[in-house]
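Asks: quick one, fold the following:
(chains A and B)
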2 protein chains.
Amino acid sequence: MLPRNASGPVDPMYIPEHFRENDPAAIAEILSAAPLAMLVANTQGGLVANHLPLLVDKTGELVGHVALSNDVHRLIPDGADVLAVFRGVDGYVTPNSYPSKAETHRSVPTWNYEAVHVHGTIRFLHDERDKRAAVGLLTQLHERALNGGAAWRMADAPHDYMAEMLDRIVAFRISVVRTLAKAKLSQNRSPEDRQGVIANLQARGEAGLAERMARPKRE
Amino acid sequence: MLPRNASGPVDPMYIPEHFRENDPAAIAEILSAAPLAMLVANTQGGLVANHLPLLVDKTGELVGHVALSNDVHRLIPDGADVLAVFRGVDGYVTPNSYPSKAETHRSVPTWNYEAVHVHGTIRFLHDERDKRAAVGLLTQLHERALNGGAAWRMADAPHDYMAEMLDRIVAFRISVVRTLAKAKLSQNRSPEDRQGVIANLQARGEAGLAERMARPKRE
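Replies: Have a look, this model is predicted:
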């Protein structure tokens, strides 16, 4: 589980209070529903960004891996600050979906979404055991969820093939410094307007965002 | 339309050649299907990132706006390098979905996705006319697509309300320096394995990614 939302001198993502997500369980759900993170860092050559499935392990660190041929592990020095962004479902919100619009016409379009930003420091791991552990955790997580008892296991692949595959990757861990989470789900509108948005999204086939909005907030 | 994929001294995203998307029309489609971009910059206070709907206007620049209370326009100086990331559908690929797996067992899990990374320089626009233009373009694009003839228009809102809303935002434009696009859709697998992945995604209800993978490549 990630540490709680923490505030600091600079706001690395704009989060009005009504959109701030502080519930660790809700944050964990966003990560679990959108595991393909975007890993960003600033380097001497400018901003670099890659899309990689990440998970939080039992120590609270983020774990992932990259291809050995991905320059990112040469561009980012160990201990450097990185940002991992997990983004959930999103969708356009038309003012036409607010019942209040017909009365006041005081509304403008917006966009709803959920995102978790994890700021931390990265270290790359070249040791075979670390790489096997990283790949094993990811495989367990996604294969079990998808295939249950029929889950693919690393042991299914020939030993020489897995060794070759592990030779071609670099694992990494991110020690979390700060987590920011935003759930922008029309909490600043009346219950009637929120219902209108949900109905509009459902009618448009945007079921994922409609479900997130309809879910009762844990307090 | 964005300029073509260009290579440079540093690879800010890892793109093996079989996953490189060079077709401007395919890149435009990804932007159009995933308009909520992530805008990232490095600042003296570290990495900042915000999720904002962006569009490419007829001059080829990216156009968007932020809340005046979003510190991003104070943290990023005019002319600074920024990265706008547009990400399409994504999904986990299990080795179980490859017919070839049963024969060779030489396969590992992976993740498919599409992403467009636009590197450029930003300038913020505080002039009322620029702000109205930015908001107008976004509204036209999304309202017309969604609501056709019933599209909400800025003129639907009372004049004083729109003036107040425009007072509370800052527009920006990004002059594009480099565009990188990646379509990681199992092009490195045999046609039979690709078909297996598509069938597996369809069975799991991941229709969006299945459709992208099934779409014939324009040459």
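Asks: please report how far residue A:215 lies from chain B.
Replies: The gap separating residue A:215 from chain B is 19 Å, by Cβ to the nearest Cβ, to the nearest Å. Bear in mind the C-beta positions are built from the backbone N, C-alpha and C, glycine included.
Asks: show me where pLDDT drops low in chain A?
Replies: A:1-9, A:217-219 (pLDDT under 70).
Asks: centre of the chain versus the top helix by length along chain A, how much separation?
Replies: In chain A, assigned by DSSP state H, the helix with the most residues is helix A:128-147. Taking Cα atoms, centre = their mean, to the nearest Å, one finds helix A:128-147 lying 18 Å from the centre of the chain it belongs to.
Asks: which other helices and strands contact that helix?
Replies: Contact here means 3 or more Cβ pairs under 8 Å, 6 or more residues apart in numbering or on different chains; DSSP states H and E; on that basis helix A:128-147 packs against strand A:55-56, strand A:62-67, helix A:159-167, strand A:169-184.
Asks: out of these, which gets nearest to chain B?
Replies: Ranking these by their distance to chain B (criterion: Cβ to the nearest Cβ) puts helix A:159-167 first, at 4.8 Å.
Asks: please see if the closest one touches chain B.
Replies: Yes. Judged by Cβ under 8 Å from any Cβ of the partner chain, helix A:159-167 comes into contact with chain B through A:161-162, A:165.
Asks: need those residues in TSV (columns: neighbour count).
Replies: As requested, those are arranged in TSV below (neighbours: other Cβ atoms under 10 Å in any protein chain shown):
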residue	neighbour count
A:161	14
A:162	18
A:165	16
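Asks: need the contact list for residue A:81.
Replies: By Cβ atoms under 8 Å, 6 or more residues apart in numbering or on different chains, residue A:81 lies in contact with A:41-42, A:119-121, A:177, B:46-47.
Asks: how about the secondary structure of the residue lying farthest from the centre of chain A?
Replies: Distance from the centre of chain A peaks at residue A:103, with 38.1 Å (Cα atoms, centre = their mean). The three-state assignment at residue A:103 reads helix, by DSSP: H, G, I helix; E, B strand; the rest coil.
Asks: quick one: it and residue A:199, what's the gap?
Replies: When distance is defined by Cβ to Cβ, to the nearest Å, residue A:103 is 17 Å away from residue A:199.
Asks: check residue A:106 too.
Replies: The gap separating residue A:106 from residue A:199 is 20 Å, by Cβ to Cβ.
Asks: one step back: could you export the residues of helix A:159-167 next to chain B as a markdown table, including distance to residue B:31?
Replies: Formatted as a markdown table, these follow (distance: Cβ to Cβ, whole Å):
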| residue | distance to residue B:31 |
| --- | --- |
| A:161 | 38 |
| A:162 | 38 |
| A:165 | 34 |
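Asks: secondary structure element for the spatially most central residue of chain A?
Replies: Closest to where the C-alpha atoms of chain A average out (Cα atoms, centre = their mean) is residue A:86, at 1.7 Å. Using DSSP states H and E, residue A:86 falls within strand A:81-93.
Asks: partner strands of that strand, parallel or antiparallel?
Replies: strand A:36-43 (antiparallel), strand A:110-125 (antiparallel) (DSSP bridges).
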